[in-house]
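>>> sharing a sequence plus its predicted fold:
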Amino acid sequence: MARAKQRSEQHLIDQQGEQLLRSKLPRHWVIREYRPDYGLDLTIEVFKPTENSSTALTAYETLGEHFFIQLKSIAAPDVRQLAIFGRGNVEKSPEKLIHADKVADIETYRFQLETSELVTVERMGIAVPVLLVIADLATQRCSFVCLNDYIDKILIPRHEDYRVKQSRTIHVPTHNEIGTDHGLVALRWYAKRPKLLAAFQRFTYQYSELQWAKHEDWRGLAEVFAQKIANYDFWNDTEICGLIKRNAAGLQCFINTGQPGFFKEDTTILEGFDELELRDHLRKLDVFELWRQLSLLPKTYEDVWREWFLPTALGYLTSVPGKI
């Protein structure tokens with residue numbers, strides 16, 4: 001007798017894995033299936049609670065923040081220790097591990113991912129993060145790694161051409177766990193990436209334009225620039241990054257007082273100079289320092305922040321639980 005269509009065990013595992021992931025994410029976040037599926041399974045939209053005086057029920061508003069998930073559900077995961085060694089800046093040269101500088105052993109899921117899926121993510125660029133999530137049904141744990149950053153910071157500098165093999169082993173740190181406070185901070189950081197990259201572009205543009213106007217009405221231009229960037233909603237909503245908070249404080253101080261307050265107006269250190277001219281010069285340097293620091297944020301993002309939560313020495317030292 002002919003058999004009807006069948007449902008495989010892997011289909012059941014995939015269904016359980018998606019249910020597990022949904023149970024780990026904040027219930028007010030929106031999860032959408034991404035169909036048809038060419039390597040991207042889910043898209044997540046981040047919401048936050050808001051006050052609503054007209055009703056006792058909590059309301060939630062979208063932050064306009066999104067990220068993709070490639071979900072791999074596993075009943076019997078391959079978990080092993082991975083040795084982490086120091087290395088140089090892989091944006092400047094191929095990876096050279098310093099085996100004499102062993103930083104740690106970390107526990108990771110080892111998952112074989114088809115190279116075609118990796119190439120798809122690479123072609124997307126870095127603006128919208130794609131997280132590989134391992135749904136471990138044995139431990140009821142979901143762990144993640146950002147594939148955009150894994151490709152740029154590990155695969156490309158490690159291999160002459162990572163594309164020559166049909167698949168690559170991806171190491172997903174088990175401590176990158178969704179459903180924990182640490183994991184929530186990480187997901188919110190990734191979701192803000194498009195906003196941050198757009199803002200970084202504007203910061204570098206503004207700093208460059210200020211340089212051209214430094215002998216003209218630079219203060220008027222700075223005031224216009226400040227108003228344009230003051231309303232970004234990430235200034236005081238990016239708990240993982242103290243540097244952004246510091247710049248937010250300087251920006252608000254400039255708007256309120258005319259000076260960001262990075263430099264003290266000490267006119268006694270250069271005797272023989274006109275005190276008024278010296279004070280004006282120091283105030284100008286103070287304002288320009290704010291935009292100089294803003295323009296350096298994309299450099300820090302590329303050199304340091306994109307390695308957060310990766311299984312690298314820098315990722316381990318800056319973003320494991322207890323270090324942020």
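Structure received.
>>> for the chain, longest strand please?
For the chain, the longest strand by residue count, based on DSSP state E, is strand 97-114.
>>> direction included, what does it pair against?
Neighbouring strands of strand 97-114 in its sheet, by DSSP bridges, are strand 79-87 (antiparallel), strand 167-173 (antiparallel).
>>> care to break the chain down by domain?
With domains defined by automatic domain parsing, the chain comprises 1-191, 197-303.
>>> format these as JSON lines; extra columns: mean pLDDT, mean neighbour count and distance to residue 313.
For the C-beta atoms, the positions are set from N, CA and C on the backbone; glycine is no exception. What follows is the domains of the chain, written out as JSON lines (pLDDT from 0 to 100; neighbours: other Cβ atoms under 10 Å; distance: least, Cβ to Cβ, whole Å):
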{"stretch": "domain 1-191", "mean pLDDT": "92", "mean neighbour count": "16", "distance to residue 313": "4"}
{"stretch": "domain 197-303", "mean pLDDT": "89", "mean neighbour count": "15", "distance to residue 313": "14"}
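>>> distance to residue 201 added to the strands paired with strand 97-114, as a markdown table?
Converted to a markdown table, these look like this (distance: least, Cβ to Cβ, whole Å):
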| stretch | distance to residue 201 |
| --- | --- |
| strand 79-87 | 29 |
| strand 167-173 | 30 |
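>>> grab the nearest non-local neighbour of residue 261.
Spatial nearest neighbour of residue 261, excluding adjacent residues (Cβ to Cβ, 6 or more residues apart in numbering): residue 253 at 4.8 Å.
>>> tabulate the domains of the chain (JSON lines), appending distance to residue 309.
Shown next, in JSON lines, are those (distance: least, Cβ to Cβ, whole Å):
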{"stretch": "domain 1-191", "distance to residue 309": "5"}
{"stretch": "domain 197-303", "distance to residue 309": "10"}
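>>> for whatever helix or strand residue 117 lives in, packing partners?
Secondary structure from DSSP states H and E places residue 117 in helix 115-124. Judged by 3 or more Cβ pairs under 8 Å, 6 or more residues apart in numbering; DSSP states H and E, the packing partners of helix 115-124 are helix 147-150, strand 167-173.
>>> relative to the whole chain's centre, how far out is the next helix or strand after the first one?
Looking back up the chat, that one is helix 147-150. Scanning forward in sequence from helix 147-150 by DSSP H and E, the next helix or strand is helix 156-158. Counting by Cα atoms, centre = their mean, to the nearest Å, helix 156-158 is centred 20 Å from the centre of its parent chain.
>>> the following helix or strand past the helix holding residue 117 to strand 79-87, inter-axis angle?
For helix 115-124, the succeeding helix or strand toward the C-terminus, using DSSP H and E, is strand 130-136. Here strand 130-136 runs at an angle of 140 degrees relative to strand 79-87 (axes from the mean of the first three to the mean of the last three Cα atoms, to 10 degrees).
>>> now residue 26: how far from residue 42?
Residue 26 sits 14 Å away from residue 42, going by Cβ to Cβ, to the nearest Å.
>>> was I right about residue 48 contacting residue 61?
Yes: counting by Cβ atoms under 8 Å, residue 48 touches residue 61, with 6.3 Å between them.
>>> which residues are contacting the strand or helix carrying residue 144?
In this assignment (DSSP H and E), residue 144 forms part of strand 141-146. Contacts with strand 141-146, where a contact means Cβ atoms under 8 Å, 6 or more residues apart in numbering, come from 20-21, 24, 69, 109, 129-136, 170-179, 183, 186-187, 190, 309-311.
>>> ok, stretch 201-217 next?
Here stretch 201-217 has contacts from 218, 221-222, 225, 228-229, 284, 288, 291-292, 294-295, 297-298, using Cβ under 8 Å, 6+ apart.
>>> make it 6 Å
With Cβ atoms under 6 Å, 6 or more residues apart in numbering as the test, stretch 201-217 has contacts from 218, 221, 225, 291, 294-295.
>>> ok, these vs residue 196, which is closest?
The closest of the contacts of stretch 201-217 to residue 196 turns out to be residue 294 (Cβ to Cβ; 11.7 Å).
>>> now do the SS call for the nearest residue to the closest one once chain neighbours are set aside.
Spatial nearest neighbour of residue 294, excluding adjacent residues (Cβ to Cβ, 6+ apart): residue 203 at 4.0 Å. At residue 203 the chain is in helix, as set by DSSP: H, G, I helix; E, B strand; the rest coil.
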